[in-house]
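**Student:** Let's see this in three dimensions:
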Amino acid sequence: MKLTILGGGGFRVPLVYRALLADRAEGRVTRVTLHDVDPGRLAAIGGVLAEQARGVPDAPEVTATTDLDEALRGAAFVFSAIRVGGLAGRAADERVALAEGVLGQETVGAGGIAYGLRTVPVAVAIARRVAAVAPDAWVINFTNPAGLVTEAMSRVLGDRVIGICDSPVGLGRRVARLLGADPDEAFLDYAGLNHLGWLRGVRVDGRDRLPLLLADPEALGSFEEGKLFGADWLRSLGAIPNEYLHYYYFNREAVAAYREARLTRGAYLSEQQAGFYGRPSLTTWRTALAEREATYMAANRDAAGAGERAGEDLEPGGYEKVALALMRAVARDERATLILNVRNRGTLPVLDEDAVVEVPCAVDAGGARPLAVTPLPYHAVGLVTSVKAAEREVLAAAGTGSRAAAVRAFALHPLVDSVAVARRLLDAYTREHPGLSYLA
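**Tutor:** The predicted structure is shown next:
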């Protein structure tokens, strides 16, 4: 079975290949094609994968190409993890937003909108090539902003594109561990949009154990989300928010922390990864990966006084495990329950049928079908509908080239506080990114 990885020169590709090397079951991936627009990055990651495969019997064969159609041809699965504009583009997104006093994170607020405006046209073009060259392939999307990009691609590919994220996986793992439950056996009642969701229940043998955690202040303050949000706020919500909601609930503090940091996250990763790509090897990749994991959301933890990440959270194993589990379920018709980004189909009644949401799904050879979840409370409905409205304006702008729609995308987002700021943001981003020249 062939897997094509778009963004095949990306830093996290060895995580995916490591998961494939460990899979010895029948029907596993036997061929991997890496595609990237940068041949130098392809060569660097290809070398790391060769080191990983050394001594592993029947390791999946790896090829690399800069030709998209060649990469797609014959693929059973297409894993999309592209970064339009690279880390330099991410750093620019952060810098422009912070100059206006608003958040520049790559998936949240002004930065996420800017990233979406330049990524959606590319993602849609890729979806059209998949439909033409590999119409039977399943697309697994990890390209950020993951929910928005998945929705854009679904307008071409329908339900054959499924978005994944590692944030709900990490949250579920941490909470289940505190409750003494197996995260693979518990049903996580989680719902929202990508990077905008809430865990409202952890059901084991039909019984919800989350109230036990919410009633224990010491345990509630002992893990990542408890340290970020504070036990009192979690009890007030009656739920555990995705870590990215820290940007909403503590926006002023997060923006201040980002402005005070020596480097924004994008600038830090650009500087760090330049060292790896300058001297690529499995050893330098592992070193860079450890540094990346240790500094994840560092500015937010500083703002919250949360301290260093817990040791058990430093080991990667999120999105690549979700991707592998998804491929296994579809390719082998093995039913699994996974939190994924899929079309709504009435799961969240406040959104239309085609809106992509992040919810638990039943997965088998027929794809992923959203499962019933507890209705969102009004405070969550407000955020979800506001952010979805901004996403829809991004899609409108990308589809029509409408500058007015792009302004609305910024202005309607709950983390952008002025129409005047929205207009200045778009002007500044257009100057920074040639890829936004389509807006008129």
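**Student:** what's the domain layout of the chain?
**Tutor:** With domains defined by automatic domain parsing, the chain comprises 168-249, 252-312.
**Student:** Ala365: which of these is closest?
**Tutor:** domain 168-249 (20.5 Å; Cβ to Cβ). Where C-beta positions appear, they are placed from N, C-alpha and C, glycine not excepted.
**Student:** picking that back up, could you say which of the domains of the chain is packed most deeply?
**Tutor:** For those, average neighbour numbers computed from mean count of other Cβ atoms under 10 Å are highest in domain 168-249, which has a mean of 19.
**Student:** pLDDT of that one, averaged?
**Tutor:** Averaging pLDDT along domain 168-249 gives 95.
**Student:** What is the least confident helix or strand in this protein?
**Tutor:** helix 298-304 (a mean of 82; mean pLDDT, DSSP states H and E).
**Student:** contacting residues around that helix?
**Tutor:** Residues outside helix 298-304 that contact it (Cβ atoms under 8 Å, 6 or more residues apart in numbering) are 227-230, 243, 246-247, 250, 253-254, 256-258, 261, 265, 306-309.
**Student:** Show the subsequent helix or strand relative to it.
**Tutor:** helix 319-332 (DSSP states H and E).
**Student:** So which bits of the next helix or strand after that following helix are buried?
**Tutor:** Next along the chain after helix 319-332, taking DSSP H and E as the criterion, comes strand 336-343. Buried positions in strand 336-343, judged by neighbour count with 16 or more other Cβ atoms under 10 Å: Ala336, Thr337, Leu338, Ile339, Leu340, Asn341, Val342, Arg343.
**Student:** and of the residues you listed, the nearest to Asp205?
**Tutor:** Closest to Asp205, out of all of the buried residues of strand 336-343 and judged by Cβ to Cβ, is Thr337, at 14.8 Å.
**Student:** which ones are touching that closest one?
**Tutor:** Phe187, Pro360, Cys361, Ala362, Val363, Leu371.
**Student:** Narrow the residues you listed to those in helices?
**Tutor:** Among those, none falls in helices (DSSP state H).
**Student:** Give me the buried entries from those.
**Tutor:** By 16+ other Cβ under 10 Å, the contacts of Thr337 give Phe187, Pro360, Cys361, Val363 as buried.
**Student:** The residue nearest to the first one when sequence neighbours are not counted in helix, strand or coil?
**Tutor:** Yep, that's Phe187 we're talking about. Distances taken as Cβ to Cβ, 6 or more residues apart in numbering place Arg203 nearest to Phe187, at 4.3 Å, with adjacent residues excluded. Secondary structure for Arg203, judged by DSSP: H, G, I helix; E, B strand; the rest coil, is strand.
**Student:** Rebuild the buried residues of strand 336-343 as CSV, extending it with distance to Pro145 and pLDDT.
**Tutor:** Listed next are the buried residues of strand 336-343 as CSV, based on distance: Cβ to Cβ, whole Å; pLDDT from 0 to 100:
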residue, distance to Pro145, pLDDT
Ala336, 25, 95
Thr337, 24, 96
Leu338, 20, 96
Ile339, 17, 97
Leu340, 15, 98
Asn341, 10, 98
Val342, 16, 98
Arg343, 16, 98
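**Student:** Show me which of those residues is closest to Pro414.
**Tutor:** So of those, ranked by how close each gets to Pro414 (Cβ to Cβ), first place is Asn341, at 20.2 Å.
**Student:** contacting residues around Glu353?
**Tutor:** Contacts of Glu353 (Cβ under 8 Å, 6+ apart): Arg343, Asn344, Arg345, Gly346.
**Student:** So the closest residue to the first one other than its chain neighbours versus Leu157, what's the distance?
**Tutor:** This means Arg343. Closest residue to Arg343 apart from its sequence neighbours, by Cβ to Cβ, 6+ apart: Asp354 at 5.4 Å. Asp354 sits 12 Å away from Leu157, going by Cβ to Cβ, to the nearest Å.
**Student:** ok, now Val407?
**Tutor:** 29 Å.
**Student:** Tell me which of the two has more neighbours.
**Tutor:** More crowded of Val407 and Leu157, by other Cβ atoms under 10 Å: Leu157, with 23 against 19.
**Student:** any idea which element that one lies in?
**Tutor:** Per DSSP H and E: helix 146-157 holds Leu157.
**Student:** Can you give the distance of that helix from its chain's centre?
**Tutor:** Computed by Cα atoms, centre = their mean, to the nearest Å, the chain-centroid distance of helix 146-157 equals 13 Å.
**Student:** ok, back up a step: may I see the contacts of Glu353 arranged in a markdown table, with distance to Leu103 as well?
**Tutor:** Shown next, in a markdown table, are these (distance: Cβ to Cβ, whole Å):
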| residue | distance to Leu103 |
| --- | --- |
| Arg343 | 28 |
| Asn344 | 26 |
| Arg345 | 31 |
| Gly346 | 32 |
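**Student:** got a winner among these for most neighbours?
**Tutor:** Arg343 (23 neighbours).
**Student:** check contacts around that residue.
**Tutor:** Glu151, Ser154, Asp159, Glu353, Asp354, Ala355, Val356, Val357, Pro370.
**Student:** Distance check, it against Arg235.
**Tutor:** Applying Cβ to Cβ to Arg343 and Arg235 gives a distance of 34 Å.
**Student:** where does this structure dip in pLDDT?
**Tutor:** 311-317 (pLDDT under 70).
**Student:** Taking the centroid of it, which residue is nearest it?
**Tutor:** Cys165 (4.3 Å; Cα atoms, centre = their mean).
**Student:** need the helices for the stretch 1-150 of the chain, in chain order.
**Tutor:** Taking DSSP state H, counting those that start in this stretch as the criterion, the stretch 1-150 of the chain carries its helices at 13-22, 39-53, 68-72, 86-99, 109-133, 146-157.
**Student:** Which elements pack onto the third one?
**Tutor:** Using 3 or more Cβ pairs under 8 Å, 6 or more residues apart in numbering; DSSP states H and E as the contact test, the elements touching helix 68-72 are strand 2-6, strand 31-35, helix 109-133.
**Student:** now these as a markdown table including distance to Ala219 and mean neighbour count?
**Tutor:** Output for the helices and strands packed on helix 68-72, formatted as a markdown table (distance: least, Cβ to Cβ, whole Å; neighbours: other Cβ atoms under 10 Å):
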| stretch | distance to Ala219 | mean neighbour count |
| --- | --- | --- |
| strand 2-6 | 39 | 26 |
| strand 31-35 | 42 | 22 |
| helix 109-133 | 31 | 23 |
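**Student:** Go through these and name the closest to Leu72.
**Tutor:** Among those, if distance is taken as Cβ to Cβ, the winner is helix 109-133, at 4.4 Å.
**Student:** Show me the contacts of Thr337 that map onto strands.
**Tutor:** Secondary structure from DSSP state E places Phe187, Pro360, Cys361, Ala362, Val363 of the contacts of Thr337 in strands.
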